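Trainee: Quick one, structure for this:
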Amino acid sequence: MTDGDHIERELALFKLQLPAEDRKALTELVGEFGARILDDPEGHFTVELIGGSGEIDRFMTRFSDRVEILTVVRSGGMAVARGLPS
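Mentor: The predicted structure follows:
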């Protein structure tokens with residue numbers, strides 16, 4: 001993405017459908033990744049995750065067999081060089 005030492009992040013929003021009784025498992029997974037549940041009406045959940053691209057991929061892999069993924073929106077990677085500008 002950029003030469004040299006840098007910080008990279010991506011924003012992902014997930015719209016998920018799962019039974020209400022599985023909310024606890026989703027809440028634990030969300031907490032493990034530092035994500036947030038933004039909306040949760042009637043078994044449909046909107047989850048926000050900010051992290052590296054690999055972290056977002058791992059998050060999707062971890063829950064894709066347990067929930068129905070209705071929508072995924074990803075910002076694409078953004079990066080900035082570490083330290084002071086030269």
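
Trainee: can you map out the helices along the chain?
Mentor: 23-33, 53-63 (DSSP state H).

Trainee: of all the ones you listed, which lies closest to D3?
Mentor: Nearest to D3, of all those, is helix 53-63, at 17.7 Å by Cβ to Cβ. To be clear about C-beta, it is placed using only N, CA and C from the backbone, and glycine gets the same treatment.

Trainee: For that closest one, name the packing helices and strands.
Mentor: Packing partners of helix 53-63 (3 or more Cβ pairs under 8 Å, 6 or more residues apart in numbering; DSSP states H and E): strand 6-17, helix 23-33, strand 44-51, strand 68-74.

Trainee: run the last query once more with 6 Å
Mentor: strand 6-17 (3 or more Cβ pairs under 6 Å, 6 or more residues apart in numbering; DSSP states H and E).

Trainee: tell me which residues in the strand it packs on are buried?
Mentor: Across strand 6-17, burial judged by 16 or more other Cβ atoms under 10 Å covers 10, 12, 14-16.

Trainee: Then stretch 32-39?
Mentor: By 16+ other Cβ under 10 Å, the buried positions in stretch 32-39 come out as 33, 35, 37.

Trainee: who's in contact with the last one?
Mentor: It refers to I37. I37 sits next to 30, 45, 47 when contact means Cβ atoms under 6 Å, 6 or more residues apart in numbering.

Trainee: low pLDDT regions in this protein?
Mentor: Counting by pLDDT under 70, the chain shows low-confidence ranges at 1-2, 86.

Trainee: what bridges to the residue nearest the centre of it?
Mentor: What sits nearest the mean C-alpha location of the chain, by Cα atoms, centre = their mean, is L49, with 2.9 Å. With DSSP bridges as the criterion, L49 is bridged to A12.
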